[in-house]
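Chemist: my questions are about this predicted structure, shown below with the sequence.
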Amino acid sequence: MCGRFTQYQAQVRYLEKLNWQAPLAFEPSDEPIDRREVWVGEKASLDLLEFRVATGSPAEGRHPDNIAAEHGGLSVRCVSLVRHGRLQALQVDTRLAVGDSVWFAAGDEYASALAHAFSAGTEKELSAHAGFFGEFIVDPLCPAGDLAQAYGFDLKADEQVMPLRDMMRQRLGRRAVVGDRVSIGSFVLTVRDMDARGVVTQIGLKCPGLPRID
């Protein structure tokens, strides 16, 4: 019992050294952050609704078209994605990150449901979200070898000195996108956020279940 407890304490201290932090949660909102009406004819107008991805929201890590289909079917369309002040072209592998602004062409009757998808949500929803991205956020510049040393798993010699984000890119064999996952032993690293240049700025760490301490 004492050995397992001491090992667990050491792991927690190492996570602190690696600069992890719990995701921030915000009060849910049932309103878009902006509304615009665009006239497309003398008697026809288009309603545009803007939403921003909150940490822990159901929208984080998902494709905006999937959110549109889920909450409005053919009546809701994503018209733009803005990240770090820049318009982003939607790709098949596009995944929403915290702080992204998304504009939908949608009637006001869909506003509340869409807003809920972009808000931090309930404790149950936050728990489900952590199940994908992981319970902790790790500094992407942290040496992969430090994590390996803390938990006793093996890495290739060249990976030991790599920052986590570089190690993930090498294992993926391509440029990373939000939602990409890499397993290290029984731990899972997930790309959580990226900047406008495509550089990974947040990595989620999902830990295996801890042994029961009797």
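Modeler: Structure received.
Chemist: which pLDDT does the model give L74?
Modeler: Reported pLDDT at L74 in the predicted model: 86.
Chemist: which stretches in this protein count as helices?
Modeler: For the chain, the helices defined by DSSP state H occupy 2-17, 64-72, 111-118, 123-133, 144-151, 164-172.
Chemist: quickly, which of those bottoms out on average pLDDT?
Modeler: Averaging pLDDT over each of the helices of the chain puts helix 2-17 lowest, since it has a mean of 44.
Chemist: walk me through the domains of the chain.
Modeler: If the domains of the chain are taken from automatic domain parsing, they occupy 2-22+135-206, 34-128, with pieces of a single domain joined by a plus sign.
Chemist: now find how far off-centre the longest one is within its chain.
Modeler: Read it as domain 34-128. In this view, domain 34-128 has its centroid 15 Å away from the chain centroid, taken as CA atoms, centre = their mean, to the nearest Å.
Chemist: how about the first one?
Modeler: What separates the centre of domain 2-22+135-206 from the centre of its chain is 15 Å, taken as CA atoms, centre = their mean.
Chemist: now I184. Nearest residue, chain neighbours left out?
Modeler: For I184, ignoring the flanking residues on the chain, the nearest one in space by CB to CB, 6 or more residues apart in numbering is F153 at 6.0 Å. Every C-beta, even on glycine, is put in place using the N, C-alpha and C of the backbone.
Chemist: whoops, I mixed them up, H71
Modeler: Once its chain neighbours are removed from consideration, H71 has its nearest residue in A113; the separation is 4.5 Å (CB to CB, 6+ apart).
Chemist: count the residues that sit near that neighbour.
Modeler: Other residues near A113 number 15, with proximity taken as other CB atoms under 10 Å.
Chemist: equivalent analysis for F118, please.
Modeler: As a burial measure, F118 scores 25 neighbours (other CB under 10 Å).
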